[in-house]
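In: no sequence on this one, just coordinates:
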């Protein structure tokens with residue numbers, strides 16, 4: 001148990017100065033692992049998320065919501 005705690009503390013210390021996208025990736029990985037879902041389900045869900053964000057970027061919408069940007 002002490003070894004696991006030391007590993008978590010080491011990871012947390014390293015993440016403190018990591019870029020935002022790395023922190024987000026680690027959070028997502030931990031969240032997905034905690035759910036104990038089938039690999040195929042996780043990968044399928046990630047493809048949906050990826051496609052959704054790419055579409056929002058092309059449309060010019062707000063990447064943090066499902067509401068597209070107003071047309072100019």
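Out: Received, thanks. Model, not experiment: these values are computed from the prediction.
In: Run through this protein and note the low-pLDDT ranges.
Out: Scanning the chain for pLDDT under 70 picks out the ranges 1-11, 61-72.
In: Domains of it: list them as residue ranges, please.
Out: Annotated domains of the chain cover 1-36, 37-72 [automatic domain parsing].
In: all helices for the chain, in order.
Out: Assigned by DSSP state H, the helices in the chain fall at 2-15, 20-35, 39-59.
In: Present those as a markdown table; the columns should include mean neighbour count.
Out: C-beta here means a position set from N, CA and C on the backbone, and glycine is covered the same way. Output for the helices of the chain, formatted as a markdown table (neighbours: other C-beta atoms under 10 Å):
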| stretch | mean neighbour count |
| --- | --- |
| helix 2-15 | 10 |
| helix 20-35 | 11 |
| helix 39-59 | 11 |
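In: Please report how far the residue lying closest to residue 32 once chain neighbours are set aside lies from residue 49.
Out: Setting aside the residues directly before and after it, residue 32 is nearest to residue 42 in space (C-beta to C-beta, 6 or more residues apart in numbering), at 5.3 Å. Distance, residue 42 to residue 49, by C-beta to C-beta, to the nearest Å: 11 Å.
In: In contact with residue 35, which residues?
Out: Shown in contact with residue 35 (C-beta atoms under 8 Å, 6 or more residues apart in numbering): residue 42.
In: next one: residue 58
Out: With the criterion set at C-beta under 8 Å, 6+ apart, residue 58 makes contact with nothing.
In: Same question for residue 22.
Out: residue 15.
In: let's go with 10 Å and repeat that
Out: 14-15 (C-beta atoms under 10 Å, 6 or more residues apart in numbering).
In: Look up how far residue 14 lies from it.
Out: Counting by C-beta to C-beta - residue 22 and residue 14 are separated by 9 Å.
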